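# need a structure here:
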Amino acid sequence: EDKGTSKSEKITITADKGRLSEEEIERMVKEAEEYAEEDKKVKERIDAKNGLEGYAYSLKAQVTDEKKLGGKIDEDDKETIEKAVKETIEWLESNDEATKEELDEKKSELEKIANPIIEKVYKAAGGAPPGADGGADGATEEDDDFNDHEDL
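Here you go, the predicted structure:
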């Protein structure tokens, strides 16, 4: 009601137009359930790819930083890691559709090259290498936190 002129108008809103019918909702829910498994596999593959890529670039950064790993390893070990990282990154770029299993295998290969070198540095420094506290995979507490999220 307009208080100045005392005129009033009524508006009626109906819920019919633009709404989804029960059948449409049921169809959409069914489709979502059908694609859930495929979505889960895609997510796992992307997570594996991101894990490998992150690990490779992290190693690259550590090896090239003289204040970090780069200043603590000899030239041969440095070249070994740099070569392995370069090959891994090139493999990633040319295998964009790699499966989760292939990505996990490639990460394992890179870890088999890098971990003994990193362990040697920690032993020389008198400390324990990452993962030596019982975590055989070398995962850090940060990695555990990252992997403890709920799937969407």
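
# From the contact counts, what lies against the helix or strand containing residue 50?
Assigned by DSSP states H and E, residue 50 belongs to helix 22-64. Applying 3 or more C-beta pairs under 8 Å, 6 or more residues apart in numbering; DSSP states H and E, one finds that helix 22-64 contacts helix 75-94, helix 100-125. (Each C-beta comes from the backbone N, C-alpha and C, glycine too.)

# quick one: which of those is nearest residue 32?
Evaluated over the helices and strands packed on helix 22-64, closeness to residue 32 peaks at helix 100-125, with 22.1 Å, by C-beta to C-beta.

# Quick one: distance of the closest one to the chain centre.
Distance, stretch centre to chain centre, for helix 100-125: 18 Å (C-alpha atoms, centre = their mean, to the nearest Å).

# Equivalent analysis for stretch 116-126, please.
In this view, stretch 116-126 has its centroid 27 Å away from the chain centroid, taken as C-alpha atoms, centre = their mean.

# So for that stretch, mean pLDDT?
For stretch 116-126, the mean pLDDT works out to 85.

# what sits against residue 56?
Contacts for residue 56 (C-beta atoms under 8 Å, 6 or more residues apart in numbering) come out as 85, 88-89, 92, 110.

# pLDDT score assigned to it?
So, for residue 56, pLDDT stands at 96.

# try the one 3 residues further on
With respect to pLDDT, residue 59 scores 94.

# Identify the residue nearest it in space, chain neighbours excluded?
Nearest residue to residue 59, sequence neighbours excluded (C-beta to C-beta, 6 or more residues apart in numbering): residue 85, at 5.2 Å.
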